[in-house]
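Visitor: Sequence first, then the predicted structure, then my questions.
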Amino acid sequence: MRRRLSLPRFLRLVLTLSVSVPATGFAEATVPNVLFLIADDLRPELGCYGAAHVHSPNLDALAFRGVRFDRAYCQKAVCWPSRNSFFSGLRPRDLGKANAEATFRVSHPDLVSLPQLFQAHGYRTRGFGKVLHDGQDDPESWTEPLFTPAPKVYAAPENIDKHPVINRSSPENRVNPLFESPDVPDDAYEDGLTARAVIEAIEEATTGSSHDEPFFFMAGFHKPHTPFNAPRLYWNRYQRNLVPLAAFREAPSGAPVEHALWDWPYVRSFRDMPTDGPMPDDLAQEVRHAYFACVSYVDAQVGRILRALNRSPAAENTLVVFTSDHGYHLGDHGIWSKHTNFEIATRVPLIVSLPLDQETAPRGVSLGAPVELLDLYPTLAELAGLPLPDHVEPDSFSRWLTDPEAVPKETHAFSEFTRKGARGVSVRSPAFRYTEWRDLKTGEIVARELYDHRNDPLETRNIAQAPEHQETIEELGHHLTVHFQKD
């Protein structure tokens with residue numbers, strides 16, 4: 001839908017377009033809406049990514065009408081730094097004092113966030129659910145206050161009074177179940193309420209008093225984050241005995257176990273989970289069943305929102321983004337969590353669908369070049385014709401969305417994680433993942449990991465010591481040195 005802008009907003013848009021005209025073929029008179037949807041702990045194990053055992057029809061349909069990125073990566077595989085990173089345009093190492101209770105604003109009070117940039121150029125900006133980490137908000141970014149759903153973590157009668165905060169320190173107090181499947185409607189949980197709020201906001205933005213403003217909406221779902229709770233309807237999408245276990249459940253041979261591996265204390269702190277050692281196969285299959293039920297539940301909420309969008313006057317002129325804050329180990333490498341630099345924790349689904357009125361935009365295309373969630377800030381800004389703030393790296397992939405042939409042969413994505421006195425910095429090239437673990441005090445490299453994704457996509461063998469790969473290590477190590485040179 002083409003929007004009529006008020007005179008001040010139109011003049012601002014003309015100035016913006018005169019500074020930075022997008023290279024994507026958008027007509028200058030068109031102001032695209034943006035709908036940015038975020039899942040939590042969602043690995044790219046969806047139907048559209050080739051996982052036939054996962055029921056995700058709505059996300060599959062979105063991929064069919066857009067571009068699916070097969071190698072998209074978060075910058076740190078844990079909620080708050082990943083979300084603060086792509087929201088602010090800063091890398092995790094530059095977030096300053098941000099932590100689970102605070103945002104990037106602590107160290108960067110005047111920074112222009114992604115939604116704030118759109119707000120400054122005439123957009124109505126709203127946030128719904130878990131956009132930043134739980135309990136975090138950034139009021140400067142929103143035209144209206146963040147929508148926070150009622151805290152509905154458990155819905156089964158026997159669990160409904162359970163507190164969602166997990167006690168990691170006292171195993172004897174483990175009272176929260178890791179999963180449940182009550183026969184309840186979607187809105188019995190938080191994500192259903194978030195979806196309903198987004199639908200109402202779309203209806204208001206396209207038919208109410210603010211219908212002359214373009215909108216930028218960000219909505220975050222809690223699932224499939226633990227606890228793996230979803231209505232029974234979505235559990236029934238799966239047969240337990242057909243749910244596959246992780247293909248590789250061991251530590252990679254030759255891996256620096258002290259730094260690379262993780263003993264998943266968060267999942268262990270739930271009731272009936274093993275306090276040490278591996279998870280038995282029958283329990284692992286049940287937990288994976290629960291996780292995939294949550295994936296289908298999130299898929300259904302996305303479907304509710306997209307159907308509302310398609311019914312609205314904004315159906316033709318809204319850019320849709322779907323992604324996750326990071327991936328998740330479901331027994332892969334013997335781990336049940338994120339918190340690693342492995343492929344399974346850093347890789348995320350990423351689907352970008354250009355507005356439907358862009359008739360020449362490729363649809364149903366997949367791209368294999370590594371990209372970062374951090375690239376979304378410059379990409380969305382360029383697609384809307386907005387000038388980038390100085391702090392944002394100009395690594396936009398907007399041109400690829402209209403011209404897949406423009407994708408370069410060699411791109412890189414970077415991630416990081418700190419454990420046991422060392423910081424792991426990791427680079428993903430089209431063929432390899434290379435990680436250096438550097439002592440936090442001296443900067444000395446104390447361990448290396450190299451995985452050949454052409455021959456070993458499950459990262460079963462660390463080949464960093466193989467003589468024939470030293471040239472590759474030197475090349476990728478150079479990329480890490482340049483990328484992290486501010487450290």
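Guide: Structure's in. What do you need?

Visitor: Do a quick rundown of the strands in the stretch 51-200 of the chain.
Guide: Ranges of strands in the stretch 51-200 of the chain, per DSSP state E, counting those that start in this stretch, are 67-73, 124-129, 179-180.

Visitor: between these, which gets nearest to A247?
Guide: strand 67-73 (17.7 Å; C-beta to C-beta). C-betas here are computed from N, CA, C, even on glycine.

Visitor: So what are the sheet partners of that closest one and their directions?
Guide: Strand pairing for strand 67-73, determined by DSSP bridges: strand 347-353 (antiparallel), strand 365-367 (parallel), strand 371-372 (parallel).

Visitor: now those in JSON lines, with distance to A51 and mean pLDDT?
Guide: Formatted as JSON lines, these follow (distance: least, C-beta to C-beta, whole Å; pLDDT from 0 to 100):
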{"stretch": "strand 347-353", "distance to A51": "11", "mean pLDDT": "98"}
{"stretch": "strand 365-367", "distance to A51": "14", "mean pLDDT": "96"}
{"stretch": "strand 371-372", "distance to A51": "20", "mean pLDDT": "98"}
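
Visitor: Output those as TSV; include the columns mean neighbour count and distance to H478.
Guide: Below are the strands paired with strand 67-73 laid out as TSV (neighbours: other C-beta atoms under 10 Å; distance: least, C-beta to C-beta, whole Å):
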stretch	mean neighbour count	distance to H478
strand 347-353	26	23
strand 365-367	17	25
strand 371-372	25	18
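
Visitor: For those strands, give me JSON lines that also has distance to A195.
Guide: Shown next, in JSON lines, are those (distance: least, C-beta to C-beta, whole Å):
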{"stretch": "strand 347-353", "distance to A195": "17"}
{"stretch": "strand 365-367", "distance to A195": "27"}
{"stretch": "strand 371-372", "distance to A195": "27"}
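
Visitor: Where does the prediction get shaky in the stretch 151-300 of the chain?
Guide: 164-173, 208-211 (pLDDT under 70).

Visitor: All the helices of it, residue numbers only.
Guide: 190-207, 232-235, 257-260, 265-268, 281-311 (DSSP state H, counting those that start in this stretch).

Visitor: Tell me which other helices or strands the last one touches.
Guide: For helix 281-311, the elements it packs on are strand 33-39, helix 57-64, strand 179-180, helix 190-207, strand 228-229, helix 232-235, strand 318-324, judged by 3 or more C-beta pairs under 8 Å, 6 or more residues apart in numbering; DSSP states H and E.

Visitor: Centroid-nearest residue for the protein?
Guide: When C-alpha atoms, centre = their mean is applied to the chain, the residue found nearest the centroid is S324 (2.0 Å).

Visitor: for it, what are its contacts?
Guide: Going by C-beta atoms under 8 Å, 6 or more residues apart in numbering, S324 touches I38, A39, D40, D41, L42, R43, C74, V348, P349.

Visitor: Let's see the pLDDT reported for K486.
Guide: You'll see K486 listed with a pLDDT of 52.

Visitor: Equivalent analysis for A98, please.
Guide: 66.

Visitor: how close does D187 get to A120?
Guide: 34 Å (C-beta to C-beta, to the nearest Å).

Visitor: which of these two has more neighbours?
Guide: D187 (18 against 14; other C-beta atoms under 10 Å).

Visitor: any idea how far the more buried one is from R126?
Guide: Taking C-beta to C-beta, one finds D187 at 19 Å from R126.

Visitor: now swap in N58 and tell me
Guide: 21 Å.

Visitor: try T442
Guide: 46 Å.
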